[in-house]
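*Asks:* Show me the folded form of this:
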Amino acid sequence: MKKIFTTIFAFCAAFSMQAGLHITVNQVIDGEDVATEITKDTTLLVSEYEWDEDLEEATMGITGNLYSDETENITVTITRENTGIIDQFCAAGNCVPGNGELNQTCEFTIGTMEFQRSWFTHYTPNSLGIETITYTFSDGVNPEINLTVAYNYSGTAVEDVVVRPTDNTIYNLLGQRMPTTELCELPAGIYIINGKKIIKQ
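*Replies:* Numbers count the residues shown, from 1 in each chain. This next block holds a predicted model:
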């Protein structure tokens, strides 16, 4: 009996040491929202975009969640293909605009609630074609993970345009509709109302 107990304990100890940095990317697969975990260096091609009639510009981006088993402080290093890229990276309710810089490093404190672990990118193309941005995630404990996003903007054909809602319906960053249209009734977090991201503190 003692030998069995020792074996089980050793297995549990080995299993508990397999901590990691968890990064997910939300994708629509066969009409369903699916969160895919990124466990190694990955390249994504993003070609879907929304067209803002008022600003007369397209916007692109991705969303996801991130956390670490060992620490809640996440460092994100952003490496852009060239200067002049218009973008921002947001995590845990804080956004860092690109400001035309080639490289940026920012630190976010990730909480335990869903909205405190959410992250998203916001990219505004200024020409046709592909521009790439690499996001390097690190928690200072586990190996870094590089996520390279190739934003492929192909134009503003009418059939490709996603119309922004204007009915005050509130969505979370996962695209899920909230049960109310009153922001004051929702907990603190980042929401999308009429196609615009709103931060409630």
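*Asks:* beta partners of the nearest residue to Asn126 once chain neighbours are set aside?
*Replies:* Nearest non-adjacent residue to Asn126, counting by C-beta to C-beta, 6 or more residues apart in numbering: Ile86, 6.3 Å away. Where C-beta positions appear, they are placed from N, C-alpha and C, glycine not excepted. Ile86 forms beta bridges with Thr124, as assigned by DSSP bridges.
*Asks:* Also the one 4 residues further on?
*Replies:* Beta-bridge partners of Cys90, counted by DSSP bridges, are Cys95, Phe120.
*Asks:* contacting residues for it?
*Replies:* 96, 119-122, 190, 197 (C-beta atoms under 8 Å, 6 or more residues apart in numbering).
*Asks:* now Ser118
*Replies:* 63-65, 91-92, 173-174, 190.
*Asks:* For it, give its distance to Ile110.
*Replies:* 9 Å (C-beta to C-beta, to the nearest Å).
*Asks:* Can you pull the residues that touch both of those two?
*Replies:* 91-92.
*Asks:* Sheet partners, orientation included, of the host helix or strand of Ile74?
*Replies:* Element membership for Ile74, per DSSP states H and E: strand 73-80. Paired neighbours of strand 73-80 in the sheet (DSSP bridges): strand 103-109 (antiparallel), strand 129-138 (antiparallel).
*Asks:* Identify the residues contacting the helix or strand just after the first one?
*Replies:* Put plainly, it is strand 103-109. Reading on from strand 103-109 to the C-terminus, the next helix or strand found by DSSP H and E is helix 114-117. Residues outside helix 114-117 that contact it (C-beta under 8 Å, 6+ apart) are 65-67, 92-93, 110-111, 172-173, 187-190.
*Asks:* can you name the two of those residues that are farthest apart?
*Replies:* Leu66 and Pro187 (19.8 Å; C-beta to C-beta).
*Asks:* which of those two has more neighbours?
*Replies:* Leu66 (22 against 8; other C-beta atoms under 10 Å).
*Asks:* Surely that one is in contact with Gly20?
*Replies:* No. Counting by C-beta atoms under 8 Å, Leu66 sits too far from Gly20 to count as a contact (11.1 Å).
*Asks:* so where's the chain shaky on pLDDT?
*Replies:* Applying pLDDT under 70 to the chain flags residues 1-19, 156-167, 174-175, 194-196, 201.
*Asks:* What segments of it are helices?
*Replies:* Here the chain has its helices, by DSSP state H, at 2-16, 114-117.
*Asks:* For Asp54, the count of nearby residues, please.
*Replies:* 7.
*Asks:* typo on my end, Leu55
*Replies:* 9.
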